[in-house]
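Asker: Predicted structure and sequence below. I'll ask about it afterward.
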Amino acid sequence: MKKIQIIAIAGAGTMGSGIAQVCATSGYQVILFDIQLAILDKAKDAIFSSLQYLFDKGKLNADQVTAIKSRIVFSSNIEEVKADLIIEAILERLDLKHQFFKTVAALNPDDTILASNTSSIPITQIAVAIPNPERFLGIHFFNPATIMKLVEIISGAHTDPLIANGCKALIESMGKTCVMAKDAPGFIVNRVARHYYVEGLKALEENVASFEDIDTLMESSGFKMGPFRLMDLIGVDTNFSVTSSIYKLFHEDGKFRPSRIQQQKVDAGFHGKKTGKGFYEY
């Protein structure tokens, strides 16, 4: 695998900005790309606020904060997305991912490693549209990327094992814990954890208990966050999108059925903490 010096992140939302901060903190030059300037500005504020928090807590000194900031370039020009490793964290739509990777593949040499942070779309489906698909894989961080240690490394049907193992070593050098996953709907975590949300929502639909009581029960049982508090943190819209995708990929298996309650929250714009209201108000 080629030596990685520059990492580009596409999509400056919560996940993309978090991944950018992780990479820059680990000493890599980072290009954070998004087509929307407002989202880039918000990402810059979020990253700089996070670094200030770490400085105030004594976890970073002033020189480290300055150095990390200097390693991140914020860009809305896709022509500038040129790197040794490109990690895509855009919307969970296969057509948009195909379009993005076709564009950046033409801008970069054939040995640039291309990766998706997708939560549920099969890596092999994305790689179909990419020249040299052996250099394509999934590198799936979890929210918040700056805190969560786990990262899934997913190999598609064409992925070169040397590249998968090289990326595992790279991400582990950033202080993360990696697990190797095969290309299946939801991979490992989102497949297993889906029922934490789905069954919580079913219990709510059936008036078994209020969402507050369900959260209290799960947290009292040892979970750090109940399903509804966790959906608000992740983003109700993001969580619903992943559930809908996995439901379709499993040929509408009923155990993955998306919730009408969650659909209504999405339709109303109640997306959780990022909008000030989800199941809870913030």
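Answerer: On my side now, so go ahead.
Asker: mind listing the strands in the stretch 51-200 of the chain by residue range?
Answerer: 72-75, 85-88, 113-116, 136-141, 150-155, 177-182 (DSSP state E, counting those that start in this stretch).
Asker: Please produce CSV containing the ones you listed, extended by distance to residue 220, mean neighbour count and mean pLDDT.
Answerer: Glycine gets a C-beta too; all of them are placed from N, C-alpha and C. Listed next are the strands of the stretch 51-200 of the chain as CSV, based on distance: least, C-beta to C-beta, whole Å; neighbours: other C-beta atoms under 10 Å; pLDDT from 0 to 100:
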stretch, distance to residue 220, mean neighbour count, mean pLDDT
strand 72-75, 41, 18, 98
strand 85-88, 37, 25, 98
strand 113-116, 37, 26, 98
strand 136-141, 29, 26, 98
strand 150-155, 24, 21, 98
strand 177-182, 27, 15, 97
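Asker: Any chance of TSV for the ones you listed, columns distance to residue 244?
Answerer: Output for the strands of the stretch 51-200 of the chain, formatted as TSV (distance: least, C-beta to C-beta, whole Å):
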stretch	distance to residue 244
strand 72-75	31
strand 85-88	20
strand 113-116	18
strand 136-141	18
strand 150-155	20
strand 177-182	21
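Asker: Figure out which of these is closest to residue 251.
Answerer: strand 177-182 (18.5 Å; C-beta to C-beta).
Asker: Which elements pack onto the closest one?
Answerer: strand 150-155, helix 161-172 (3 or more C-beta pairs under 8 Å, 6 or more residues apart in numbering; DSSP states H and E).
Asker: and the lowest-mean-pLDDT helix or strand in the chain, what other elements does it pack with?
Answerer: Lowest mean confidence among the helices and strands of the chain (mean pLDDT, DSSP states H and E): helix 236-249, at a mean of 92. Packing partners of helix 236-249 (3+ C-beta pairs under 8 Å, 6+ apart): helix 189-205, helix 260-268.
Asker: can you give me the offset of it from its chain's centre?
Answerer: Chain-centre distance of helix 236-249: 14 Å, with C-alpha atoms, centre = their mean, to the nearest Å.
Asker: Now do it and helix 260-268, the angle between them.
Answerer: Put simply, helix 236-249 runs at 130 degrees to helix 260-268, going by axes from the mean of the first three to the mean of the last three C-alpha atoms, to 10 degrees.
Asker: Outside of helix 236-249 itself, which residues are in contact with it?
Answerer: 92, 119-122, 185-186, 190-191, 194, 197-198, 231, 253, 256-259, 262-263, 265-266, 270-272, 278-279 (C-beta atoms under 8 Å, 6 or more residues apart in numbering).
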